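Asks: Here you go, sequence then predicted model.
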Amino acid sequence: MVRSGPTLRPVDDGERIRGLLATYGERMDAGDFDGVGALFADGCLADEHGTELARGAEAVARFYRSITMLHDGSPRTKHLVLGTWLAPAEADGVVTAKSSYLVLQGVEPGALVPMITGRYVDRVAPAADGAWTFVERRFHVDLTGDLSRHLTFDLR
């Protein structure tokens, strides 16, 4: 007798958008800045006020490469994206996603520490292949811990 497993339901756009947010974290944690940049091929990074920090794949990759310290090839971080809320799509198909984030770092053996927490306000758009891409990511920093082993500058 052949057992059949549960039938998977189709993945909807909300899950695809959450997948995009997760992919950003995975690539950052791996130190794959070119991969992070690819997510912003037609988009930009901005501060909480909308001041543009980098636009396009190469500029975003260069931005992260210039500010992020690596330890044995990776930043030794874990990005957690929590409580994502999706607004209805605008007329042009762009969706706003608001999330909280927490970044942990484990540079010393046995020491996993929270470094920074805040909010992302993302504007994402559907791509031709059914995936989603960043139009804009705004960073809001709420609380910081010791970032001295993560960033090449003092965030304060």
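Replies: Nice, thanks for sending it over.
Asks: And the average pLDDT for the helix or strand hosting residue 142 is what?
Replies: Using DSSP states H and E, residue 142 sits within strand 132-144. The predicted model assigns strand 132-144 a mean pLDDT of 97.
Asks: By neighbour count, which bits of it are buried? Give me those.
Replies: For strand 132-144, the neighbour count (16 or more other CB atoms under 10 Å) marks 132-138, 144 as buried. For glycine as for every other residue, the C-beta is placed from the backbone atoms N, C-alpha and C.
Asks: would CSV of these with distance to residue 84 be doable?
Replies: Formatted as CSV, these follow (distance: CB to CB, whole Å):
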residue, distance to residue 84
132, 13
133, 16
134, 14
135, 16
136, 16
137, 13
138, 14
144, 22
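Asks: What ranges does the chain have for its helices?
Replies: Using DSSP state H, the helices assigned to the chain run over residues 13-30, 33-38, 57-67.
Asks: Please name every helix or strand in contact with the strand holding residue 142.
Replies: Contact here means 3 or more CB pairs under 8 Å, 6 or more residues apart in numbering; DSSP states H and E; on that basis strand 132-144 packs against helix 13-30, strand 44-46, strand 113-126.
Asks: quick one on the thing from earlier: out of the helices of the chain, which is closest to residue 73?
Replies: Proximity to residue 73 (CB to CB) singles out helix 13-30 among the helices of the chain, at 8.6 Å.
Asks: Next, the residues that contact the closest one from outside, please.
Replies: For helix 13-30, the external contacting residues (CB atoms under 8 Å, 6 or more residues apart in numbering) are 33, 35-36, 39, 64, 68, 74-75, 77-81, 84, 86, 95, 97, 99, 120, 122, 124, 126, 130-134, 137.
Asks: same deal with stretch 86-100?
Replies: 13-14, 17-18, 21, 81-85, 117-126, 132, 135.
Asks: Please apply the same query to stretch 58-73.
Replies: With CB under 8 Å, 6+ apart as the test, stretch 58-73 has contacts from 28, 31, 33-34, 36-37, 39-40, 44-45, 53-54, 75, 107, 149-153.
Asks: circling back to that earlier point, of the helices of the chain, flag the one that's most buried.
Replies: helix 33-38 (a mean of 19; mean count of other CB atoms under 10 Å).
Asks: Now that one: average pLDDT?
Replies: Averaged across helix 33-38, pLDDT comes to 98.
Asks: same check, this time on stretch 111-119
Replies: Rounded mean pLDDT across stretch 111-119 is 95.
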